[in-house]
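Student: missing the sequence, but the structure's below:
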């Protein structure tokens, strides 16, 4: 397959001119805000809204006593649509700190804010558990949980315990990661408007389909009555992949008041009222034989969930696919605590799974006196160790060798603390590898060609910065021989075709093959010169529509697409297993007295299959590396063990990387199409880019300082 | 606190301080002293109300405007909700993210921390002011050329900050740009490309 041209991001002009393309970019006569619980667990004993109701301009003050007619949307991972099964304000129950207790709607935002500050509540409190090691936290082995075991069983290959017992060299290390929050810069926001019995929702979401069907379930109305429009998402990173807690409340208020209502959820409330990356701890045991070959890996994970939902864990699957370790034993436990249900945050399991496994491998290489790059390359495999099936494609060693060359790995002195910069800073060089499943999902697509040469496609996918609009335009343009600027896309919009959640790096691998198939159908029906054929037949426009499933996907699970439920497929596709791979090479500088760690340079080489949009793909890699730097060195949501909930609930105190934290990131793509996943050859990019970064930085920090730091984020005080 | 005390600090107040003042039951009087209320409200004695509407005149993107506003309103909320200028974004409402960066008398400010009443007699420029006769500002074009954006939500604030950064003379090197652009968060992680865009636009702006 020829390489795609390096075209400009098709929606860049709208974005640099400030065009009103996001959910809250519209004027409404009414503004809503929430008052939230200041306690973690118990029930509302009394709520006094008299002062709130007296605020001039206030139009509505509602509590659980008013809202009992709504129904929970259910939990996304348990047959429902919500980020958690618990829907606020349907009873007096308090299950996590920060949950809404009153809804305030006013003519102005200022009046709504004043009213929200005047809601007074009294609570009956009961003890709670806020961390995975807190008293009262409930530990449930996932294999013994009610979760469907065919999907969520622990990953097992061979006899890891036996091989570990017989190993000549072993590594036994534990890692910890705090809760973290996605913090897209676009706040979660809803505009709801009714026209008779028909509801329209404008909201930045990765899952307009779930909003449509979830809201219909909550209100007990036909899904056909609900339209969800989300053409651009101002960052999602997993936080916007399901129905949020405020959407139905805003819609309810709009219906009650007979006018459009807008709510922009304050940043502080998102820390307690939307999903997050759960706290987790990890133990990795590796065993190598006398020749240094890795023969065994045992990987135990505990990760946090809520009391009301079991957030399923999937750490052990990617860990088992990073290297060819013949005996692997995963063991995952869900720890129930009193928080809102955690969820997906970029590389939700794979970030920590690859950090834990790859750092342990680095420690094994050091124990054996082997070069970290050479040792990793010796662990390659072309078969999946778990199923024995071939990988559809795997170019991790090519990533490693090319990256080593670009980085100048041969200039690295293998001895820790051996390298210094001219200004005296300790220099560290480390490598880290990552992987992410190459999943795909069913999709419907329509394509219309107009006589003037313009093409409009509709497909189930959402634009959240990854550049899917650009990839769609590039793919369709190449197929039909038109300029990419002639292609427009209706996406994130339930008025077009069914909308599947855009997450899990399956967006491009799902949507691009679908629109290409629709274009192929058009060419088949009209011939190689479709515009001439249309002119001959006197047609102003011509439309095709296709629907496809993931490779080998049966009809039944694919039907979930039509009811707003997730229907991803893979990475085990029956005859093969698909993963994307990446290798990162990091240089760190550690200031010897303050132990400040900087990352001036990272080289990243990616095996994501075919690259459809080179420019946006490169940007996505750079962004994923920024995420890895944040995860490795900055980001932690601090838990309030006294009162429950979280402490640093804004983006000054929840520290994400700023411009001054980011140096150079040199990016290369293997760009080998994976023909077994689809004819388009796409494996997936948005998540794999973050995996392995933290390992590379931690391994480089060890090389600089001689210290192995296994709890993230790594901070100067851990080195002092 | 009496009325005389209130009158002193007003021009230095941030919106946050004004709101804290509101919570303590002080503050409205100062607006009466400095700005003509649109509708006279009877004095409420010690129980001060914040719903007095005040008149304020200023220029937005070359357009003179006589607005009647709630004195608590931020420039950010006023631009978006009253003027319908949605290019200026709300990312934190606390002056932490920079998504609402606009120019006030030519200098970059966080619109969320700027009470709209503080703009009286002044000139506000938003991202919507940059495109002239269909021609993009060189900074906008540089952001496109270097793909210095992903989701686009922080982009208007980045561009307004970037133009100010060059005008301030703080774009002399990549390191200096990184330092002086660190008040504008980009969660997608477009930082390296943002620096490249500013480097490229700087030479054109200075030409």
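Tutor: Cool, got the structure. Just so we're clear, the structure is a prediction, and the values are computed from it rather than from any experiment. Numbers count the residues shown, from 1 in each chain, chains lettered A, B, ... in the order given.
Student: Look up phi and psi at the residue in chain A positioned nearest to chain B.
Tutor: Ranking the residues of chain A by distance to chain B (CB to the nearest CB) places residue A:18 first, at 2.1 Å. All C-beta atoms are positioned from the backbone trio N, CA, C, and that covers glycine. Here is the backbone geometry of residue A:18 (degrees, to the nearest 10): phi 70, psi 30.
Student: repeat for residue B:58
Tutor: phi -160, psi 180.
Student: and the end-to-end length of stretch A:64-77?
Tutor: One end of stretch A:64-77 sits 26 Å from the other (CA to CA, to the nearest Å).
Student: Residues contacting that stretch, please?
Tutor: Here stretch A:64-77 makes contact (CB atoms under 8 Å, 6 or more residues apart in numbering or on different chains) with A:44, A:80-87, A:89-92, A:101, A:103, A:210, A:214-215, A:217-220, A:241-243, A:248-249, A:252, A:308-312, A:341, A:343, A:566.
Student: Are any of these buried, and if so which?
Tutor: Buried residues within the contacts of stretch A:64-77, counting neighbours by 16 or more other CB atoms under 10 Å in any protein chain shown: A:44, A:80-87, A:89-90, A:92, A:101, A:103, A:210, A:214-215, A:217-219, A:241-243, A:248-249, A:252, A:308-312, A:341, A:343, A:566.
Student: does chain B sit close to stretch A:620-630?
Tutor: Yes - under the criterion of CB under 8 Å from any CB of the partner chain, chain B is reached by stretch A:620-630 at A:620, A:622-627.
Student: Show me which of those residues is closest to residue B:148.
Tutor: residue A:622 (10.6 Å; CB to CB).
Student: before we move on, the earlier item: export the residues of stretch A:620-630 next to chain B as TSV, with columns for secondary structure.
Tutor: Shown next, in TSV, are these (DSSP: H, G, I helix; E, B strand; the rest coil):
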residue	secondary structure
A:620	helix
A:622	helix
A:623	helix
A:624	helix
A:625	helix
A:626	helix
A:627	helix
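Student: mind putting those in TSV, pLDDT and neighbour count included?
Tutor: Below are these laid out as TSV (pLDDT from 0 to 100; neighbours: other CB atoms under 10 Å in any protein chain shown):
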residue	pLDDT	neighbour count
A:620	98	26
A:622	98	26
A:623	98	29
A:624	98	31
A:625	98	29
A:626	98	29
A:627	98	28
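Student: can I see the domain layout of chain B?
Tutor: B:3-85+B:114-124, B:138-206 (automatic domain parsing).
Student: hang on, the residue of chain A closest to chain B packs against residue B:80?
Tutor: No - in this structure, residue A:18 is not within contact of residue B:80 by CB atoms under 8 Å, at 10.8 Å.
Student: what's the overlap in contacts for these two?
Tutor: With CB under 8 Å, 6+ apart as the test, residue A:18 and residue B:80 both reach B:86, B:88.
Student: Look up the pLDDT of residue B:4 for me, please.
Tutor: Residue B:4 is assigned 37 on the pLDDT scale.
Student: just residue B:52 next, same as before
Tutor: pLDDT recorded at residue B:52 is 79.
Student: returning to what we had before: and which of the residues of stretch A:620-630 next to chain B is nearest residue A:454?
Tutor: Using CB to CB, these come closest to residue A:454 at residue A:620, 27.5 Å.
Student: Residue B:66 in helix, strand or coil?
Tutor: Recorded secondary structure, residue B:66: strand (three-state DSSP).
Student: three-state assignment of the residue nearest to it when sequence neighbours are not counted?
Tutor: In space, and not counting its chain neighbours, residue B:66 is closest to residue B:57: 4.9 Å by CB to CB, 6 or more residues apart in numbering or on different chains. At residue B:57 the chain is in strand, as set by three-state DSSP.
Student: What is the burial count for residue B:57?
Tutor: Neighbourhood size, residue B:57 [other CB atoms under 10 Å in any protein chain shown]: 12.
Student: check contacts around it.
Tutor: Neighbours of residue B:57 in contact, by CB under 8 Å, 6+ apart: B:64-67, B:120-121.
Student: Type out the ChimeraX command that picks the buried ones from those residues.
Tutor: Command for ChimeraX that selects the buried part of those, burial taken from 16+ other CB under 10 Å:
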select /B:67
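Student: before we move on, the earlier item: restricted to strands, list the buried ones among the contacts of stretch A:64-77.
Tutor: A:44, A:101, A:103 (DSSP state E).
Student: Residue A:312 contacts residue A:140, correct?
Tutor: No - counting by CB under 8 Å, residue A:312 sits too far from residue A:140 to count as a contact (11.2 Å).
Student: what residues are shared contacts of the two?
Tutor: Shared contacts of residue A:312 and residue A:140 (CB under 8 Å, 6+ apart): residue A:334.
Student: For residue A:186, state which of the ones in strands among the buried ones among the contacts of stretch A:64-77 is nearest.
Tutor: residue A:103 (21.6 Å).
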